[in-house]
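Engineer: okay, structure incoming, though there's no sequence with it:
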């Protein structure tokens with residue numbers, strides 16, 4: 001049997017809800033003068049231009065708040081700072097942000113409507129497969145008319161942001177148990 005890394009993942013071109021419009025982070029810029037007693041790489045004979053080798057162009061940007069703010073339930077990190085949170089890093093990184101929801105497609109065999117959505121978990125690859133996201137949601141965050149599922153927690157697993165997910169799967173829905181070796185646990189009835 002050949003291993004299939006995407007077996008069970010939905011590869012359909014899913015519509016993702018964009019990130020919240022967070023304010024920019026406060027940037028803290030660190031260079032070798034910030035820590036004069038520390039020997040930074042590439043400082044010394046032969047470097048000539050004083051480039052420290054740390055961060056981009058000798059400067060290390062740390063963003064505080066903004067999209068990493070812990071009050072932002074989706075995508076927030078604790079503590080709320082880091083390189084990927086920066087608003088103006090010289091490398092022009094994608095700031096830390098993620099999708100905040102998705103439209104569950106009803107034309108790919110999803111078994112809508114769902115009886116119990118008390119603990120829904122969505123797993124998704126980041127485009128290019130650098131890492132995976134995990135989001136939590138529940139019935140109170142699902143629109144029956146549009147099939148939009150809004151995430152109420154998660155999305156902070158990666159670094160550099162993206163506005164959407166790629167291949168994904170969903171768990172915590174009894175109706176999606178469609179083959180052997182799949183399980184559903186109902187906490188209310190204590191039934192597997």
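Structural biologist: Looks like it came in fine. As the structure is a computational prediction, the values presented were derived from the model and not from experiment. Residues are numbered from 1 along each chain as shown.

Engineer: got the contact list for the one residue sitting closest to the centre of the chain?
Structural biologist: Central residue of the chain (Cα atoms, centre = their mean): residue 155, 3.2 Å from the mean position. Residue 155 makes contacts with 74, 75, 98, 99, 100, 133, 134, 135, as judged by Cβ atoms under 8 Å, 6 or more residues apart in numbering. C-beta here means a position set from N, CA and C on the backbone, and glycine is covered the same way.

Engineer: from these, pick the one nearest residue 16.
Structural biologist: Set against residue 16, the nearest of the contacts of residue 155 by Cβ to Cβ is residue 99 (4.0 Å).

Engineer: need phi/psi at the closest residue in space to that closest one that isn't next to it in sequence.
Structural biologist: Sequence neighbours aside, residue 16 is the residue nearest to residue 99 in space, at 4.0 Å (criterion: Cβ to Cβ, 6 or more residues apart in numbering). Backbone torsions for residue 16, taken as degrees, to the nearest 10, come to phi -110, psi 140.

Engineer: tell me the secondary structure for residue 84?
Structural biologist: helix (DSSP: H, G, I helix; E, B strand; the rest coil).

Engineer: residue boundaries of the helices in the chain?
Structural biologist: With helices called from DSSP state H, the chain shows none.

Engineer: pLDDT weak spots in it?
Structural biologist: 1-6, 32, 39-58, 70-73, 75, 90-94, 159 (pLDDT under 70).

Engineer: all strands of it, in order?
Structural biologist: Per DSSP state E, the chain carries strands over the ranges 16-17, 26-30, 60-64, 81-82, 101-103, 120-125, 132-137, 142-143, 148-150, 153-154, 168-171.

Engineer: of all those strands, which lies closest to residue 161?
Structural biologist: strand 132-137 (10.6 Å).

Engineer: ok so, going back, state the distance from the residue nearest to the centre of the chain to residue 87.
Structural biologist: Taking Cβ to Cβ, to the nearest Å as the measure, residue 155 falls 19 Å from residue 87.

Engineer: now do residue 149
Structural biologist: To residue 87, residue 149 is 29 Å away according to Cβ to Cβ.

Engineer: so how far is stretch 19-35 off the chain centroid?
Structural biologist: 19 Å (Cα atoms, centre = their mean, to the nearest Å).

Engineer: and that stretch, how far apart are its ends?
Structural biologist: End-to-end distance of stretch 19-35: 36 Å, with Cα to Cα, to the nearest Å as the criterion.

Engineer: then stretch 181-192?
Structural biologist: Note: stretch 181-192 ends 12 Å apart using Cα to Cα.

Engineer: contact partners for the closest residue to the residue nearest to the centre of the chain other than its chain neighbours?
Structural biologist: Excluding the flanking residues, the one nearest residue 155 by Cβ to Cβ, 6+ apart is residue 98, at 3.6 Å. Residues near residue 98 by Cβ under 8 Å, 6+ apart: 19, 74, 75, 133, 155, 156, 158, 161, 162, 165.

Engineer: hmm, who's touching stretch 12-24?
Structural biologist: Under Cβ under 8 Å, 6+ apart, the answer for stretch 12-24 is 65-67, 69, 72, 74-75, 87, 97-103, 105, 108, 148, 150, 161, 163-165, 168.
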